[in-house]
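K.L.:
below: sequence and its predicted model.
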Amino acid sequence: MNLELTGRVAVVTGGTSGIGFSTVGRLLDEGASVAFCARDAERVATVEEQFAQTAGTRVLGVVADVLDPAALARFAATVEQRFGRTDVLVHNAGKSRMAGFDALSDADWTEELELKFFGLLRPTRAFLPLLKKSDAASMVYVSSLLAKQPESRLISTSAARAGALNLAKSLSVDFAPAIRVNSILLGVIDTGQWERRYHERLAAGETLTRETYISELAADRGIPLGRIGRPEEVSAAIAFLSSPLCGFMTGTVIEISGGFSRYV
Ligand code: NDP
């Protein structure tokens, strides 16, 4: 299917690992120019260089924290200088906080709520003027199934995701008809987040192969498809929602969880 993304300009937050990395690659493959950000400068440079080998000047890596308005303003200015506008903004940067009620201080809650809300609000503000220059603008909010199906061991992330999903819905109404806003709710996807947790367990002295760790994750959650997801299974949906072919879709949610949700 031709997603009609050739010549379009996409911005991906958190583009150096996991879902963001896969999304940068997928959108470049679809013919778009893609700018991405992350905080680790060395990794931004490496990833930009890696994609530039095939995409040339269509890829741009910028160091920016999604919580830092000044860095985001510089990011948007660089994108405007290189590509002139933004057609697609993918809000992907972030992480989950594995902790239950008893383990969370007010400072932890504040940090989690700040990441989930301002990680969506501040890039939106920074790129709004560039999105307004597009004739087919859209935003994709990469979120979690936790927004609708909370888990006690991820209580602050669940609550924060629920609120931010509500915010994304409001933005879809406020920005209509100029900018479409759709969300993706993820189950467990095999990315840097889970890789880090695997290494934490090894460092704590456990002897566990990666295969066993991954199958434990799927079994623990009772995922009907019997495995966890792959980043490319998410970036395909992000590319679809970014496409002008979805011109009548806004305020919607696509779930990618291997059937993990228990609601209808
Ligand atoms: P990874 O840890 O693999 O990648 C996260 C990316 O975001 C990295 O490029 C990281 O680079 C960047 N990043 C993190 N924080 C910031 C920040 N404050 N500003 C800018 N960039 C940042 O994560 P995933 O691919 O797993 O996650 C992508 C999104 O999907 C996240 O929002 C996550 O919460 C969500 N999600 C993932 C699930 C999963 O199972 N994988 C499940 C549900 C939701 P750097 O650290 O250098 O900044």
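P.N.:
That came in fine, so what should we check first?
K.L.:
where does the residue positioned nearest the centre of the chain land on pLDDT?
P.N.:
Nearest to the geometric centre of the chain sits Asn92, at 1.9 Å (Cα atoms, centre = their mean). With respect to pLDDT, Asn92 scores 98.
K.L.:
so what does it look like in phi/psi?
P.N.:
The phi/psi pair for Asn92 (degrees, to the nearest 10) reads phi -120, psi -30.
K.L.:
near the ligand, which residues of this structure are found?
P.N.:
Residues of the chain lying close to the ligand by Cβ under 6 Å from any ligand atom are 13-20, 37-40, 43, 65-67, 92-96, 142, 144, 186, 188-189, 191-193. Backbone N, C-alpha and C define where each C-beta goes, glycine included.
K.L.:
make it 5 Å
P.N.:
14, 16-20, 38-40, 65-66, 92-94, 96, 142, 144, 186, 188-189, 191-193 (Cβ under 5 Å from any ligand atom).
K.L.:
now do the helices in this protein.
P.N.:
18-29, 41-55, 69-83, 106-131, 155-174, 192-203, 210-221, 231-242 (DSSP state H).
K.L.:
okay if I get those helices as CSV plus distance to Tyr263 and mean neighbour count?
P.N.:
Output for these, formatted as CSV (distance: least, Cβ to Cβ, whole Å; neighbours: other Cβ atoms under 10 Å):
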stretch, distance to Tyr263, mean neighbour count
helix 18-29, 23, 25
helix 41-55, 36, 15
helix 69-83, 34, 17
helix 106-131, 21, 18
helix 155-174, 13, 19
helix 192-203, 24, 13
helix 210-221, 15, 14
helix 231-242, 19, 21
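K.L.:
redo the ones you listed as a markdown table? Include mean pLDDT.
P.N.:
What follows is those, written out as a markdown table (pLDDT from 0 to 100):
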| stretch | mean pLDDT |
| --- | --- |
| helix 18-29 | 98 |
| helix 41-55 | 98 |
| helix 69-83 | 98 |
| helix 106-131 | 98 |
| helix 155-174 | 98 |
| helix 192-203 | 90 |
| helix 210-221 | 89 |
| helix 231-242 | 98 |
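K.L.:
neighbours around the residue nearest to Ser152 when sequence neighbours are not counted, how many?
P.N.:
Nearest non-adjacent residue to Ser152, counting by Cβ to Cβ, 6 or more residues apart in numbering: Gly100, 5.4 Å away. Using other Cβ atoms under 10 Å, Gly100 is surrounded by 12 other residues.
K.L.:
so Gly100 sits against Thr157, correct?
P.N.:
No. Taking contacts as Cβ atoms under 8 Å, Gly100 lies outside contact range of Thr157: 11.2 Å.
K.L.:
one step back: any of the residues of the chain next to the ligand buried? List them.
P.N.:
When the residues of the chain next to the ligand are checked for burial by 16 or more other Cβ atoms under 10 Å, the buried set is 14, 16-20, 38-39, 65-66, 92-94, 96, 142, 144, 186, 188-189, 191-193.
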